[in-house]
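> Could you look at this predicted model? Sequence included:
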Amino acid sequence: MKTGYALKNCQVIYGDMRKKADTNMTILINEQGLILDIGKSNDLSVPSNYETVDISGKYVMPGLINAHVHLFADGKPFSLSVREGVLNFAYHHILDTKIGRSVLKKRMKKNAITALHAGVTTMRSVGEFFYQDVQLRDEIKANEFVGPNLLVSGYFLSVTGGHGAPYLALVGDSPWEARKNVRINVKNGVDLIKICVTGGVTDAKMVGEAGRLQMTEEEVAAICKEAHKLGMLVAAHVESTEGVRIALRGGVDTIEHGAEMDEEIITLYKKNPNALKGYTALIPTLQAGYPSAKLDRSLTKVSETVKENSRLVYDSMLKGVQQAVKYDIKMGIGTDAAMPFVTHYDIWRELDHLMRQTNLNPIQLIEKVTKVNAEILGIDDLTGTIELGKQADLIVLDQNPLDNLKALADISMVMVKGNLIKAPAVKKMKEVDELLDLVW
Ligand SMILES: [Zn+2]
């Protein structure tokens, strides 16, 4: 049995714009890790067996949710000498052994714990090898170790020669093959389905290939019908306007990355009869494109093709983000952690970048990375806000994030499902941070 906690004298940011930040509050967390009560510190009596933690002068808000990560890597960029193909080969032939898989899982666990200590209490992992993500999720659920809440997709679904194929994806070339691949992932215990509708920057061999359409509308529709039958959401990797159109028509629930929109696309995002909830949300990942696109190649060591594809994808994705804000399309927050230059510990960079590139303010962005993300991922009954009956997934900050989002870079305490981490420790990668600081 866990301890109950009383977090005393907090300044609470609820993660819900309708509720104003409150001062001098106490939050009671019961032994099951749920929020039992919230009230003014003077009014609330603390059960005698609860541990009291004084939060005076600090800020408490819901734990961060990262809606787009991969756990298999830490964001340290591949050097020029290691081509993606070589890396994929290595993953499949070296890691697909008993020892290899255990090495991989240890690394995934380390990345998940890094994210947790950086304030990310929920991660949606969208593409991993060998269903190690499913195992990791189950170990956390069984309390084998304290980790973030994980939602996992297992392998991508892709087409022959498509993004992530063959090592990171199950390949299907017709609606029925695609349906079968949904069933395979479901049988292996995934929480959601991740599909690749277009190519991607990491494995594109020429400029323009990243956004090239790969999956057909019929294949997307078959996947969505099969997943929705089980109440499961479909996330679509898409890096071009035509790709977004096909994905939306097919009925996906989230567009990952995204691209510039036209009128048909704006309408379909807001009202999509084929999506599970009747709309489709956008999860941009600006962090995945920005450094490779903007930093000099002598620093990033990426190829000319990667730089140019990053620039094309980033520019179009940013236009999509600005349109989503303008047309009030539901938008969440993801980073694509694991990709080159995207670490598991600096989701604040995504929020800061979004703030600079749109008219969104800190409270709106904080709501997106907590409450709105939980709604999009279908877990808002469990987490995403500080509310009675919800899981105690929260973070404590020394500085006010509403004044400066960079306050999120320095987490004082983290609680996930009532497990309190009093002194979170994140091992940062200095050489990566120094490069990123040049453009942040
Ligand atoms: Zn990704």
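Right, received. Where do you want to start? Numbering: from 1, shown residues only.
> In the chain, where is pLDDT below threshold?
Residue ranges of the chain with pLDDT under 70: 1, 78-92.
> and the top helix by length along it, C-alpha only, in PDB?
Longest helix in the chain by number of residues (criterion: DSSP state H): helix 304-326. Taking Å, rounded to 0.1, in the frame of the first residue of the first chain, the C-alpha atoms of helix 304-326 are listed here in PDB:
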ATOM      1  CA  GLU A 304      21.700  18.000 -47.700                       C
ATOM      2  CA  THR A 305      18.600  15.800 -48.400                       C
ATOM      3  CA  VAL A 306      17.600  15.600 -44.700                       C
ATOM      4  CA  LYS A 307      18.100  19.300 -44.300                       C
ATOM      5  CA  GLU A 308      16.000  20.200 -47.300                       C
ATOM      6  CA  ASN A 309      13.200  17.600 -46.500                       C
ATOM      7  CA  SER A 310      13.200  18.900 -42.900                       C
ATOM      8  CA  ARG A 311      12.800  22.500 -44.200                       C
ATOM      9  CA  LEU A 312       9.900  21.500 -46.500                       C
ATOM     10  CA  VAL A 313       8.100  19.500 -43.900                       C
ATOM     11  CA  TYR A 314       8.700  22.100 -41.100                       C
ATOM     12  CA  ASP A 315       7.500  25.000 -43.200                       C
ATOM     13  CA  SER A 316       4.300  23.200 -44.300                       C
ATOM     14  CA  MET A 317       3.700  21.800 -40.700                       C
ATOM     15  CA  LEU A 318       4.000  25.300 -39.300                       C
ATOM     16  CA  LYS A 319       1.400  26.700 -41.800                       C
ATOM     17  CA  GLY A 320      -0.900  23.800 -40.700                       C
ATOM     18  CA  VAL A 321      -0.400  24.800 -37.000                       C
ATOM     19  CA  GLN A 322      -1.100  28.500 -37.700                       C
ATOM     20  CA  GLN A 323      -4.300  27.500 -39.600                       C
ATOM     21  CA  ALA A 324      -5.300  25.100 -36.800                       C
ATOM     22  CA  VAL A 325      -5.200  28.000 -34.400                       C
ATOM     23  CA  LYS A 326      -7.000  30.400 -36.700                       C
END
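> Give me the buried positions along the very next helix or strand once past it.
Where DSSP states H and E defines the elements, the next helix or strand beyond helix 304-326 is helix 347-357. Neighbour counts over helix 347-357 (16 or more other Cβ atoms under 10 Å) mark 347-354 as buried. Bear in mind the C-beta positions are built from the backbone N, C-alpha and C, glycine included.
> What is the subsequent helix or strand relative to helix 347-357?
helix 362-367.
> Which elements pack onto that next one?
helix 347-357 (3 or more Cβ pairs under 8 Å, 6 or more residues apart in numbering; DSSP states H and E).
> Could you export the helix it packs on as CSV, keeping only the C-alpha atoms?
Extracted in CSV, the C-alpha atoms of helix 347-357 (Å, rounded to 0.1, in the frame of the first residue of the first chain):
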residue,chain,number,x,y,z
ILE,A,347,8.9,19.4,-24.1
TRP,A,348,9.1,23.0,-23.0
ARG,A,349,10.9,23.8,-26.2
GLU,A,350,7.8,22.7,-28.2
LEU,A,351,5.5,24.9,-26.2
ASP,A,352,7.9,27.8,-26.3
HIS,A,353,8.3,27.4,-30.1
LEU,A,354,4.5,27.2,-30.6
MET,A,355,4.1,30.4,-28.5
ARG,A,356,6.5,32.3,-30.7
GLN,A,357,5.0,31.1,-33.9
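> So what touches that helix?
Here helix 347-357 makes contact (Cβ atoms under 8 Å, 6 or more residues apart in numbering) with 64, 66, 118-120, 284-287, 290, 318, 321-322, 333-335, 337, 360-362, 365-366, 369, 405-409, 436, 440.
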